[in-house]
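Student: only geometry, no sequence info:
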């Protein structure tokens, strides 16, 4: 499984403007494959909980790529109202 993850990572790095260097030990590979399976389901979503710097964001970006999706991150600013949030999501769908 780790070999397959490394191949997916090479594929991700070739197509991404922000390449990642990830180390896939057994548990990390399991988490990434589980996330990809969840995200590939209709209306699939997951809440990632853990300490900062544990690789949640990188794992999620990688899993989204494995599931054939693109990642979009809403930047929350001080005066971000619900309407701006919906506009951000709609602009992400269009691009």
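Tutor: Looks like it arrived, so ask away. This one's a predicted model, so the numbers in the text were calculated from it and none came from an experiment.
Student: residue 21 in helix, strand or coil?
Tutor: In three-state terms, and counting by DSSP: H, G, I helix; E, B strand; the rest coil, residue 21 is coil.
Student: and the residue sitting furthest away from the middle of the chain, how far from residue 53?
Tutor: In the chain, the greatest distance from the average C-alpha position (Cα atoms, centre = their mean) is reached by residue 79, at 26.0 Å. According to Cβ to Cβ, to the nearest Å, residue 79 and residue 53 sit 29 Å apart. (C-beta placed from N, C-alpha, C; glycine too.)
Student: same thing with residue 39?
Tutor: From residue 39 to residue 53 the distance is 22 Å (Cβ to Cβ).
Student: more neighbours, these two?
Tutor: Using other Cβ atoms under 10 Å as the criterion, residue 39 and residue 53 rank with residue 39 on top: 18 against 7.
Student: contacts only, for that one.
Tutor: 45, 46, 63, 64, 67, 69 (Cβ atoms under 8 Å, 6 or more residues apart in numbering).
Student: shaky segments in the chain?
Tutor: Applying pLDDT under 70 to the chain flags residues 74, 93-95.
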